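S.K.: sequence unknown, structure follows:
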């Protein structure tokens, strides 16, 4: 076995490992049907310092979204609905490497800026750490929503093309009624395709 052959094997293995990480990041999970539940909740996705302060969003976009998010929180509180924040932390070896190579190393577990951004700090009744784009992947969100008897979700946050999209689709896979407040979401790129996917899955966009 030549050195070149070994190097090729190592390279192929590394690429396959990265592909695994990319698939883990973007996969939408399935889950047990939720059935009839009376409760509603507001889900805030990835409103973290590292994304909010240094992300690809303009000041005007953030100002408008911040106002809409704060209104949504105020409405949820007035109606006695829980506010749940999902916080991204890349913690698996393969996904950490993908984040280092393609995502500027942002939101690695234990890195600076992974906390909730200042405008939204303290607003959530519950905070759950997610490992991939789909906030249901670990099962922690399923368990919390079951305990709270939540069957309807309003989603806000970022990014509509990624974590908002995948979490909403995972929620629909479980039978949740899902509504996305588009004024309270941000997208770094045009989101027409994501919106088409969401509508096809039965997500209401308002």
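M.R.: Good, I have the coordinates. In this text, all values refer to a predicted model and were calculated from it rather than measured experimentally.
S.K.: And the helix or strand where residue 98 lies, what's buried?
M.R.: Here residue 98 sits within helix 93-102, counting by DSSP states H and E. The neighbour-count check on helix 93-102 (16 or more other Cβ atoms under 10 Å) flags 94, 95, 96, 98, 99 as buried. Just so you know, the C-beta spots here come from the backbone N, C-alpha and C atoms, and that holds for glycine as well.
S.K.: per-residue confidence at the fourth one?
M.R.: As predicted, residue 98 sits at a pLDDT of 74.
S.K.: I'd say it and residue 22 touch.
M.R.: Yes. Between residue 98 and residue 22 a contact is recorded at 5.7 Å, counting by Cβ atoms under 8 Å.
S.K.: Which neighbouring elements make contact with the helix or strand residue 147 falls within?
M.R.: Element membership for residue 147 (DSSP H and E) is helix 140-148. Using 3 or more Cβ pairs under 8 Å, 6 or more residues apart in numbering; DSSP states H and E, the elements in contact with helix 140-148 are strand 39-45, strand 83-88, strand 126-130.
S.K.: Just the buried positions in that helix, please.
M.R.: Neighbour-count burial for helix 140-148 flags 141, 142, 144, 145, 148 (criterion: 16+ other Cβ under 10 Å).
S.K.: Mind listing residues that contact that helix?
M.R.: Residues outside helix 140-148 that contact it (Cβ atoms under 8 Å, 6 or more residues apart in numbering): 31-32, 34, 37, 39, 41, 82, 84, 86, 126, 128-130, 135-136, 153, 174, 176.
S.K.: ok now it, how far from the chain's centre?
M.R.: Put simply, helix 140-148 sits 16 Å off its chain's centre (Cα atoms, centre = their mean, to the nearest Å).
S.K.: Repeat that for stretch 163-183.
M.R.: Taking Cα atoms, centre = their mean, one finds stretch 163-183 lying 10 Å from the centre of the chain it belongs to.
S.K.: Can we start the residue count at 19 from this point?
M.R.: I'll keep to 19 as the first residue from here, and by that count the last item is stretch 181-201.
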